[in-house]
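Enquirer: based on what follows, work out the 3D shape:
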Amino acid sequence: MKEKKEYWQSIRGICILAVILIHSLGGFNYSTGYGTEFVVLRQIINFAVATFVFMAGYFVNVDALSDKEFSYKHWIIYWGGRLCIPFMIWSLLYSGLELLKIVHSGNEIHWFGFVYRFIVGKSATPFYYIVVLVQLTVITPWLVKTVKQNGVISRILWLVTPLYLMYLYAWNYIVGISPRLYETLFPAWFGFYYLGIHVRCGWKLKGNGYAVVATLLLSCVEAICLRAAGLDIGFYISQITVGSFLYSIAMIGWLLKKNENNRSGCRLLSKIGDCSYGIFYIHMAVLMIVGRIIECENWYAYWALRFVLTSFISYIVVHLAQMTLKNHKKLLRYIGFV
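Expert: Here you go, the predicted structure:
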């Protein structure tokens, strides 16, 4: 069991590093002449959030949810606190930083916009993920029950994400830009969470390296074609496209196969995985500081430095906090560091 835990913690470590790399590339103009290699790079690392969502479903305690003594109230209280308390604390901190910037620049403060961004997870770029998890957590007991019954509804639910993708493609084609909060609404990620619950309940997902390579190539071709067609940059490099989703499914299948083969994880990646929740919350602040400090004329080197320094500093801060506050587990949970 130790090897199994280390393996999945290593996967978390890889995923959080991929998330940092995605955000380290923020501000890059993918539409420039030599932006194609970065479009391809985005497709390579676009498996991260989908894999995180899959793992959230995969590690649901389906036996506890099926127990006669299961309390939905206690479920909501526990996971509501586990997700919402760190989310609110860090959203307030990031909102405070934004307020300071506005005051310093002398611009007018729009309070409604601040409250709106706080609620929908826009205080910091990746916080939409927590809003998605909250939505999925609310319906998880019902999902587990539905999966175990294996009836018509269980099969119909597989259509949720494909139908949402159809809506996104149609909207982008007609309007020319992605709809607001498209990544924040749970249907976008539902399929991966639902897949995780299915696998936890005994469903087999087969994968191999060939499928990963094939779907990655498909994802790259799709992204380049969507760019050539003039679609919104936020959409064609997005993780929420058919190509990226197929690639993510293939990657998850391959990871499950490696797990079945009793592959052990990398110790360093496992340690990063242990800190991944805290890194998720602080890396955007670290990234802003690093971006202001480093100066480099070669923009390849600039983005590489942003990624390496942000990853290293974020891990060290969370790891040191975990060691320093190891006797204060409740405080660590409140700030999302465990």
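Enquirer: other SSEs contacting the longest helix seen in the chain?
Expert: For the chain, the helix reaching the highest residue count under DSSP state H is reported as helix 72-105. With contacts defined as 3 or more C-beta pairs under 8 Å, 6 or more residues apart in numbering; DSSP states H and E, the secondary structure elements packing on helix 72-105 are helix 111-119, helix 128-149, helix 276-293, helix 329-334. Placement of C-beta: from N, CA and C, glycine included.
Enquirer: what angle sits between it and helix 111-119?
Expert: Helix 72-105 and helix 111-119 meet at an angle of 140 degrees, taking axes from the mean of the first three to the mean of the last three C-alpha atoms, to 10 degrees as the criterion.
Enquirer: quick revisit: and of the helices and strands packed on helix 72-105, who's closest to Glu260?
Expert: Glu260 lies closest, by C-beta to C-beta, to one member of the helices and strands packed on helix 72-105: helix 128-149, at 20.5 Å.
Enquirer: buried residues, the closest one. List them.
Expert: Taking 16 or more other C-beta atoms under 10 Å as the neighbour-count basis, helix 128-149 is seen to contain the buried residues 128-137, 140-141, 143-144, 146-147.
Enquirer: now swap in stretch 299-307 and tell me
Expert: Counting neighbours by 16+ other C-beta under 10 Å, stretch 299-307 gives 302-303, 305-307 as buried.
Enquirer: ok, back up a step: could you tell me the least trusted of the helices and strands packed on helix 72-105?
Expert: Ranked by mean pLDDT, the helices and strands packed on helix 72-105 end with helix 111-119 in last place, scoring a mean of 85.
Enquirer: and the contacts of that helix?
Expert: In this structure, residues lying in contact with helix 111-119 by C-beta atoms under 8 Å, 6 or more residues apart in numbering are 91-92, 95, 98-99, 122-123.
Enquirer: ok, now stretch 127-145?
Expert: Stretch 127-145 has contacts (C-beta under 8 Å, 6+ apart) with 49, 52-53, 56-57, 60, 62, 65-66, 70, 72, 75-76, 79-80, 83-84, 87, 90-91, 94, 120-122, 157, 181, 183-186, 188-190, 193-194, 197, 201, 280.
Enquirer: alpha carbons of that stretch, in PDB - could you do that?
Expert: Once non-C-alpha atoms are left out, stretch 127-145 reads as follows in PDB (Å, rounded to 0.1, in the frame of the first residue of the first chain):
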ATOM      1  CA  PHE A 127      -9.200  28.800  -8.100                       C
ATOM      2  CA  TYR A 128     -12.000  27.800 -10.400                       C
ATOM      3  CA  TYR A 129     -10.800  24.200  -9.700                       C
ATOM      4  CA  ILE A 130     -12.000  24.400  -6.100                       C
ATOM      5  CA  VAL A 131     -15.400  25.700  -7.300                       C
ATOM      6  CA  VAL A 132     -15.700  22.700  -9.600                       C
ATOM      7  CA  LEU A 133     -14.800  20.300  -6.800                       C
ATOM      8  CA  VAL A 134     -17.400  21.800  -4.500                       C
ATOM      9  CA  GLN A 135     -20.100  21.300  -7.200                       C
ATOM     10  CA  LEU A 136     -19.000  17.700  -7.700                       C
ATOM     11  CA  THR A 137     -18.700  17.000  -4.000                       C
ATOM     12  CA  VAL A 138     -22.400  18.000  -3.500                       C
ATOM     13  CA  ILE A 139     -23.600  15.400  -5.900                       C
ATOM     14  CA  THR A 140     -21.000  12.600  -5.100                       C
ATOM     15  CA  PRO A 141     -23.200  10.500  -2.900                       C
ATOM     16  CA  TRP A 142     -25.900  10.400  -5.600                       C
ATOM     17  CA  LEU A 143     -23.300   9.600  -8.200                       C
ATOM     18  CA  VAL A 144     -21.900   6.700  -6.300                       C
ATOM     19  CA  LYS A 145     -25.400   5.300  -5.800                       C
END
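Enquirer: ok, and what's touching stretch 272-279?
Expert: Residues outside stretch 272-279 that contact it (C-beta under 8 Å, 6+ apart) are 8-17, 20, 86, 265, 311, 314-315, 317-319, 321-322, 335-338.
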